[in-house]
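In: kindly return the folded structure for what I paste below:
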Amino acid sequence: MSTFIHWLRSQISTLNLFENELSRSNQFHLRTSIIATRLYIILFTVAIIFLTIYTGLSNQTYIITKNDITQTIYEELFEKYSTTLTCPCRHTAISYDKFLSIIPEYHPICSSIFISNIWINHIFNSNLSYFIPNDFRSSSSSHFQILATFCSYVQRLINETLVDILSDIFISTYIVDSKILTKRSEILTIFAQTSITNDMRRSLRLVRNNIQENQMLSALQTSIVNILYNFWRDYVMITPTTTTFLNIDGQLCQCDKKSTCLSPSGFFDLFAEDTHGNYTPRKPSKFNITGFFVGCWPIESLLQSTLECFFDKICLENILQYFPPPSFPINTLKFINESHYTPHSSIETLVNQLFIEHFSTRSSFSAYFSQCQPISCVYTYSSGNSISYIFTTLLGLYGGLTVILRMLVPRIIAWIRGCKLIQNEPNNNTIVPLFERLQLIWQKIFIQIREFNLFDNTIIRQDPFKLRTTIISTRIYFILLTLFVTILVIFTATRTHLQTFNVYYPTYITFENLYEKYSSTLRCPCNQITIPYGSFVSISPQYHPVCSSFFIGKTWITFLLDAQYSSGASYYQDFRIAAIISFNILSTFCSLIQTTVADAWFSFNQSTLITLETLSRSELLARTWIILKTFQSNTVANFKRLVTLNELHTRTMFPSLEITTVMSTPDRLNSSTRMKFYPVTATWEGCSCALTEYCLYKIYLYEYGVSEQPVFTVPDFWLGCTATQGILGSSLECFFNQTCTDRILSEISPNNSIIIRALSMNDTKFPPNTSVSTFINELVEEWIENINYTDYYTQCSPNICSYTLLIRNNVLYILTTIVALLGGISVVLKFIVPIFIDWLRNRIHGINQLQIQEQSKLFRNIKS
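Out: Numbering: from 1, shown residues only. Here you go, the predicted model:
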């Protein structure tokens, strides 16, 4: 073993890669070549290690395009390259119903026997007035008719809305993955439920307020009862009289003062009672229906009731005792497991939540994928170089390295050792001037360059012609090598390639700077792709000043009520009476407007902006402005439809106010007890509501006690065929004028010290004489929107931003490329150049020799 080690050490210490005849014959040159060998090996090893590390750490960006995409291929690609994968859809507009279904499940009442015609007909009694209104037999049929209407209306509303929503177009320029599709479907379902719920609540509220404020008559006469009076001899008149209930809190409740009077519904032994509108039973009920009530209007009492009795078998059997035996099966309501309702939930709660137990949302990614039909998929990825790539690169660089090192290292070592040898020679103390030394150095360098020979050997040195040929070949070799290297440097330096740069966890400022520089290639995937609009958008709607004024508050209404009672006002056209209804309606409209905007904004906040990539400020503002303008126009349009629906509903009702119709009879009071009454259309100031619904009657302030004549006409303030139409046709001109407002106050309450300030014209864009319907239909005077880009960016929160640049190759890349090619070029030139130069010089030399021979021959001939 020691022998082997000694042999190996000897081989390494004497290793000589630059051995030649001179080194074999001269100890100094032998030592020089051995040192050059060692330096060559060290430099070569360092270069190889450096190039290996550099090549191994370098990343390459690849752009891959795949065609014939199936769902399986897409899912595999998305799992690996989700951040860079893009697959453009062949069909970019896809309706939601192609891949999404939303199925509602309703409260059991809406599929029960209790809303069917057979049940309603079974409990209906043709002689309703035989029972007092508190009796279940009097009110139940109307209650269940309303309940059936609620169920059918809600189901129709939901079905129509879902058809409308599912027919909307889902714009899919690029295919979205299944998680985003599912999330979008869930958001759409929530949005549909919220918007339908808000629409239903607004409609119901408007109907309820319309019934109460226009004092519509109930067929059961639970709000107003018409009482006959013999006012003179045998003439009879009908007087509408308010009703009274014993409220559930034990207090008497009058329907002209409170619309939500509630009394328990039950079964009473009271028949054909002459109540005169006082519905306080003389006897207690035999059996109360748990959770069921009666009140001023059937819709109000039903909404406050519960269905708990119809979940209870014993309670239901007690009800059925008071009706004929049914010819059909009647079962109690079945409680649904995991229901968010209880048997004690009020019907108003059920209606407000659309009787919905839950929505079942099913989205099919396969159906969506087949509709999208992606054309191809493109993805990019950056990868480190493989071992095979590193190995082949090093093989390519090997030749160039060896050429350069073999060319430079021996000559550098020889020059260094030669300089040291000169220094070690005995000095003859001769001082050589600097200029002469420089000349001497230059002469040596010039001689070295002039005599430099890459193809030198012993045989060539013995032939001056061949020696000259190899020297010329060396020069041509270096000229061509320099030319090729220069061309390669220029080509490699001017060539560009794609390179992807990544910036991790960019801040808002960083993103702005990157977008400004690299907007065309910048990609910053959002960490949260679904961003609620409410998280970065806010609005501040400015309403008409009357909606925040004293005139729609309780203090003003109470003030008018006190003025009405204290003055004994009795004319419907008296401001003391008409203004109470008008300002109540105006208050309702203001409240409805604010609720409509708030509900619409709530629905808008539930909707989301879906962005795979971070949007720039300009892109976000442009997209959001379009959405906001659509939101505003849709909100106004929905409100107008609601008001129109309310007007149509009002026209079909019979108001208790004797403005449009009065009850009249041609019969006289005599021994006969039967009299026929007919509704007769009232005519005011030459306009009849039977011919047009747009009749408007002036409103006055009357003086009571003496003349009972109008003393002041309220400017542009009207009474219509209905109270709603009257206030919509009016303007608030008087209430923008302090003098006019003070005149009204002085007439209705001369001794009152209340001070009311008129509305300010500076607070509205409408002139004072603008009709109420005009600014009501405008909904909002001004929308003040704020889009906060910083909040959007915080929600998006990209973890990484990447951008791709066409960049020129760096110096190291150029150097490694040149080195890699240098070896091959050197070998080719070393092979071709000597052969070509040798052939060329031999040919020229042969021609010259022939010419010389011919000239010699000619000379000899001339001489002879």
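
In: tell me the helices in the stretch 151-300 of the chain, going along the chain?
Out: 178-213, 298-304 (DSSP state H, counting those that start in this stretch).

In: out of those helices, deepest packed?
Out: Of all these, helix 298-304 carries the top mean neighbour count, a mean of 22, counting by mean count of other C-beta atoms under 10 Å. Glycine gets a C-beta too; all of them are placed from N, C-alpha and C.

In: who does the helix or strand containing residue 802 touch, helix- and strand-wise?
Out: Residue 802 is part of strand 800-808 when elements are defined by DSSP states H and E. Packing partners of strand 800-808 (3 or more C-beta pairs under 8 Å, 6 or more residues apart in numbering; DSSP states H and E): strand 496-504, helix 508-518.

In: send me that strand as PDB with only the CA atoms.
Out: Provided in PDB are the C-alpha atoms of strand 800-808 (Å, rounded to 0.1, in the frame of the first residue of the first chain):
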ATOM      1  CA  ILE A 800     -46.700  37.100  -5.200                       C
ATOM      2  CA  CYS A 801     -46.400  39.300  -8.200                       C
ATOM      3  CA  SER A 802     -44.600  38.000 -11.300                       C
ATOM      4  CA  TYR A 803     -43.700  39.800 -14.500                       C
ATOM      5  CA  THR A 804     -41.800  38.700 -17.600                       C
ATOM      6  CA  LEU A 805     -39.200  40.700 -19.400                       C
ATOM      7  CA  LEU A 806     -37.300  40.400 -22.700                       C
ATOM      8  CA  ILE A 807     -33.800  40.900 -21.400                       C
ATOM      9  CA  ARG A 808     -30.300  40.800 -23.000                       C
END
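
In: so which bits of that strand are buried?
Out: Residues of strand 800-808 classed as buried: 801, 802, 803, 804 (neighbour count, 16 or more other C-beta atoms under 10 Å).

In: residue nearest the centroid of the protein?
Out: With distances taken as C-alpha atoms, centre = their mean, residue 609 lies nearest the centre of the chain, 1.0 Å away.

In: can you show me the CA trace of stretch 97-106 as CSV?
Out: Output of stretch 97-106 as CSV, limited to C-alpha atoms (Å, rounded to 0.1, in the frame of the first residue of the first chain):
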residue,chain,number,x,y,z
ASP,A,97,-78.9,27.6,-15.8
LYS,A,98,-76.6,25.5,-18.0
PHE,A,99,-74.5,24.5,-14.9
LEU,A,100,-76.4,25.7,-11.8
SER,A,101,-79.7,24.8,-10.2
ILE,A,102,-81.2,26.5,-7.1
ILE,A,103,-84.0,24.6,-5.4
PRO,A,104,-85.9,26.1,-2.5
GLU,A,105,-87.5,24.1,0.3
TYR,A,106,-90.5,25.8,1.9
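
In: can you pull the contacts of residue 158?
Out: Shown in contact with residue 158 (C-beta atoms under 8 Å, 6 or more residues apart in numbering): 104, 196, 354, 356.

In: now the closest residue in space to residue 330 that isn't next to it in sequence: how far from residue 310?
Out: Excluding the flanking residues, the one nearest residue 330 by C-beta to C-beta, 6 or more residues apart in numbering is residue 113, at 5.7 Å. According to C-beta to C-beta, to the nearest Å, residue 113 and residue 310 sit 10 Å apart.

In: who has more neighbours out of those two?
Out: Between residue 113 and residue 310, residue 310 has the larger neighbour count (other C-beta atoms under 10 Å), namely 24 against 16.

In: how much space between the residue lying closest to residue 288 once chain neighbours are set aside and residue 289?
Out: Nearest in space to residue 288, with sequence neighbours left out and distances taken as C-beta to C-beta, 6+ apart, is residue 266 at 4.0 Å. Using C-beta to C-beta, residue 266 is found at 6 Å from residue 289.

In: likewise residue 786?
Out: Residue 786 sits 53 Å away from residue 289, going by C-beta to C-beta.

In: more crowded one of those two?
Out: The neighbour count for residue 786 versus residue 289, taken as other C-beta under 10 Å, is higher for residue 289 (24 against 10).

In: pLDDT weak spots in the stretch 51-200 of the chain?
Out: Regions of the stretch 51-200 of the chain meeting the criterion pLDDT under 70 cover residues 128.

In: shared neighbours of residue 266 and residue 289, anything?
Out: residue 136.

In: quick one: distance of stretch 796-809 to the chain centre.
Out: 25 Å (C-alpha atoms, centre = their mean, to the nearest Å).

In: what about residue 630, how many neighbours?
Out: Residue 630, neighbours per other C-beta under 10 Å, totals 11.

In: before we move on, what SS does it have?
Out: Secondary structure for residue 630, judged by DSSP: H, G, I helix; E, B strand; the rest coil, is helix.

In: if we can go back for a sec, how much space separates the residue nearest to residue 330 from residue 37?
Out: 108 Å.

In: quick one: the helices in the stretch 501-650 of the chain?
Out: 508-518, 554-567, 575-606, 617-651.

In: looking at those helices, which is buried most?
Out: Comparing the helices of the stretch 501-650 of the chain by mean neighbour count (mean count of other C-beta under 10 Å), helix 575-606 ranks first with a mean of 21.

In: which neighbouring elements make contact with that helix?
Out: Checking 3+ C-beta pairs under 8 Å, 6+ apart, helix 575-606 ends up next to helix 178-213, helix 554-567, helix 617-651, strand 696-703, strand 709-720, helix 723-729, helix 738-748, helix 772-778.

In: tell me if I'm right that residue 44 and residue 405 touch.
Out: Yes - counting by C-beta atoms under 8 Å, residue 44 touches residue 405, with 5.9 Å between them.

In: for the residue nearest to residue 330, what are its contacts?
Out: For residue 113, the contact set (C-beta under 8 Å, 6+ apart) comprises 119, 328, 329, 330, 331.

In: what sits against the second one?
Out: Taking C-beta under 8 Å, 6+ apart as the contact definition, residue 328 lies against 113, 118.

In: try 7 Å this time
Out: Residues in contact with residue 328 (C-beta atoms under 7 Å, 6 or more residues apart in numbering) are residue 118.

In: next, it: secondary structure please.
Out: Under three-state DSSP, residue 328 comes out as coil.

In: next, it: phi, psi?
Out: phi -140, psi 150 (degrees, to the nearest 10).
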